[in-house]
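Asks: prediction below, plus the sequence it came from.
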Amino acid sequence: MTPGTAAKRRGETTRTRMLEAGVEPFARFGPDGISTRELAKMAGVNSAAIAYHFGGKENYYCEVVRYIIETRTRPIFDIVKKTMDELKRVGGDRKAAGRLLVGLVSSLIETVTLNPRTRVMPGIFAREQLHPTKAFDIIHKEAILKMETALSELIAAATGSKPGAPEVIVKAHALIGQVMVFNVGADVLRIRLGHSVMGKKESAFVAGVAAEMTARFVGIETGTRKKGTL
């Protein structure tokens, strides 16, 4: 390994460590609620490193948001991709498309309730809706739009509508909101249900109830039953 290659790898390692270190503080405080000096301290670097690697705090925040989408949402979009591949296979079978839609929402809710690492997303996403920064376009194009497009296609295939129909888009948006509520409110729901942990059994039950709600909300009959009981 040449000295230049070694230096490049060290730089990439430092950059990745800084991105990971920025997740929690930005999720908790937002870009305006924490200083560059505090961010640098949390990342274990000096303040100049933020300017060197990212060009300043604003770009650092944007890159952390992109990093969150690439890492924290990977399990979510892996499920989405698998579902959309299956949608192509079932063609125009509306009942099959309905089952895929309900199964997708169920799987997403199971994933977010069981995976605490996804909890940083709703706070940042909601803050960007209320007080947009440069990161808003990143979130919209790389996360929200991708999810809305997939859900719209599934809803349209299950109901015989067009993916771009206003009603379909609104329903897709509402389903995203449902998943986000279960994400950020997983612990509140756990406490309300009287459980010390949100385990696989509890998560499957919650996802099953949400799946039934999804079918009724969209107006489809899938013949599926909720998974498990508590």
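Replies: Cool, got the structure. Remember, predicted model here, so these are calculated numbers, not experimental data.

Asks: leaving out sequence neighbours, find the closest residue to the residue nearest to the spatial centre of the chain.
Replies: Nearest to the mean C-alpha position of the chain, by Cα atoms, centre = their mean, lies Thr73 at 4.5 Å. Nearest non-adjacent residue to Thr73, counting by Cβ to Cβ, 6 or more residues apart in numbering: Ala143, 6.2 Å away. For the C-beta atoms, the positions are set from N, CA and C on the backbone; glycine is no exception.

Asks: and if you look at Lys171?
Replies: Spatial nearest neighbour of Lys171, excluding adjacent residues (Cβ to Cβ, 6+ apart): Ile155 at 5.4 Å.

Asks: count of neighbours near the one you found?
Replies: 27 (other Cβ atoms under 10 Å).

Asks: let me know the helix or strand that it is in.
Replies: Using DSSP states H and E, Ile155 falls within helix 145-159.

Asks: what does the model give the residue nearest to Lys171 for pLDDT?
Replies: According to the prediction, Ile155 has pLDDT 97.

Asks: pop the domain breakdown of the chain in here.
Replies: According to automatic domain parsing, the chain comprises the domains 3-68, 72-218.

Asks: which residues are in contact with the residue nearest to Thr73?
Replies: Listed by Cβ atoms under 8 Å, 6 or more residues apart in numbering, the contact set of Ala143 reads Ile69, Thr73, Phe125.

Asks: what secondary structure does it sit in?
Replies: Following DSSP: H, G, I helix; E, B strand; the rest coil, we place Ala143 in the helix state.

Asks: any idea which of the domains of the chain is most buried?
Replies: domain 72-218 (a mean of 18; mean count of other Cβ atoms under 10 Å).

Asks: can you check the distance spanned by that domain, start to finish?
Replies: 28 Å (Cα to Cα, to the nearest Å).

Asks: my read: Arg190 touches Ser203, true?
Replies: No. When contacts are counted by Cβ atoms under 8 Å, Arg190 is not listed as touching Ser203 (9.5 Å).

Asks: if I look at the residue lying closest to Gly30 once chain neighbours are set aside, how far off is Ile220?
Replies: In space, Gly30 comes closest to Arg127 once its chain neighbours are excluded; the distance is 5.5 Å by Cβ to Cβ, 6+ apart. Arg127 is 34 Å from Ile220, where distance means Cβ to Cβ, to the nearest Å.

Asks: and Val45, by the same measure?
Replies: Distance of Val45 to Ile220, computed by Cβ to Cβ: 52 Å.

Asks: so where's the protein shaky on pLDDT?
Replies: Scanning the chain for pLDDT under 70 picks out the ranges 1-11, 222-230.

Asks: in it, which spans are helices?
Replies: 3-29, 36-43, 47-54, 57-71, 74-90, 94-114, 120-130, 135-139, 145-159, 166-184, 186-193, 200-218 (DSSP state H).

Asks: which residues does Lys200 contact?
Replies: Applying Cβ under 8 Å, 6+ apart, the residues near Lys200 are Leu114.

Asks: show the contacting residues for Gln129.
Replies: Gln129 sits next to Phe136 when contact means Cβ under 8 Å, 6+ apart.

Asks: an error on my part: the question was meant for Leu189.
Replies: By Cβ under 8 Å, 6+ apart, Leu189 lies in contact with Thr113, Phe182, Met198, Val206.
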